[in-house]
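Asker: Quick one: sequence plus predicted model below, questions after.
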Amino acid sequence: MRCFARRNRRRRTREEEQEALEQEEEGGCSSSAVREEAKTTTMPTVTRDGVLTSCATTSASLLGIGLVARALSGAVPVSALHGDWNAALPLASGDASDMIVAACAAAGAVTLGRIALLQVWEEFAASTDRSNAQVLNVLEGPLDVAQVAVLPAIGEEVLFRGALLPAIGGAPGVAISSIVFGALHIGGGRSAAFGVWASMVGACYGTCALHTGSVAAPAAAHAMANLASAAYWMATRGDSKKVDAEEKVE
């Protein structure tokens, strides 16, 4: 009986060890699959017409919301929201040369910062590659690139720097509008790292708006930075990332 019991214990032990080994192997495969899946974000296939149409409609919507908000702030001034935003931060006013210098400085700072981060921040680079590959690889020529670079810049600046910033006012307005701006840039293949970067960019544009006293300067800076970013990415990273944009949703 004791020998029989010992044999049963040994058999159970071997079975338990085998079961544990199988579970470990399955778990290892599962973990590897999860890690691999986390590294690869499948992007939907888009068309040139779809990109241009989406860009135009979204930009027009943002512009419309910003302009309506500014108009309402003038028609019904609210002291808690710093009154008339058109007076607090006009769309265009002040010295033209100062606006040009400020816009170029902001665009240059954003462009250089983006290029530097692409070299050292892997998650930011991956987000940028996914988003740009999806959009820029389907465009045809510089006019298409200009449209997707300039139109969003105008709409976003009128809304975020032309409405949200003056509604709060001063440095707090710059900070809050920048955080919201960054949060809304997460998605479409862009991770939280890209959102952090967008918030820093928004702070740069907000500072430009306060410095010049207008929305035109940050809008110009935003458009120039977008154009420079697209040109740099297509010249240095576009070909190697083209395959990412061609992945289809199953």
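Answerer: Arrived safely, thanks for sending.
Asker: quick one, helices of the protein?
Answerer: Secondary structure of the chain by DSSP state H: the helices cover 2-39, 48-75, 85-88, 96-120, 122-136, 142-156, 165-168, 170-183, 192-212, 216-236, 242-245.
Asker: Assess the claim that Ala88 and Gly169 are in contact.
Answerer: Yes: when contacts are counted by C-beta atoms under 8 Å, Ala88 is listed as touching Gly169 (7.3 Å). The C-beta positions use only the backbone N, C-alpha and C, and glycine is treated the same way.
Asker: Overlap of the contact sets of the two?
Answerer: His82 (C-beta atoms under 8 Å, 6 or more residues apart in numbering).
Asker: What are the structural domain limits within the protein?
Answerer: Here the domain assignment for the chain is 1-39, 46-245, based on automatic domain parsing.
Asker: who are the neighbours in contact with the residue nearest to the spatial centre of the chain?
Answerer: Nearest to the geometric centre of the chain sits His185, at 3.4 Å (C-alpha atoms, centre = their mean). By C-beta under 8 Å, 6+ apart, the contact list for His185 reads Phe194, Gly195, Ala198.
Asker: Distance check, it against Pro218.
Answerer: 16 Å (C-beta to C-beta, to the nearest Å).
Asker: what stretches of this protein score poorly on pLDDT?
Answerer: Within the chain, the stretches with pLDDT under 70 are 1-42, 78-80, 239-250.
Asker: Please give the number of neighbouring residues around the closest residue to Ile115 other than its chain neighbours.
Answerer: Nearest residue to Ile115, sequence neighbours excluded (C-beta to C-beta, 6 or more residues apart in numbering): Tyr232, at 6.3 Å. Using other C-beta atoms under 10 Å, the number of residues around Tyr232 comes to 16.
Asker: again, but for Thr57
Answerer: The burial count for Thr57: 11, using other C-beta under 10 Å.
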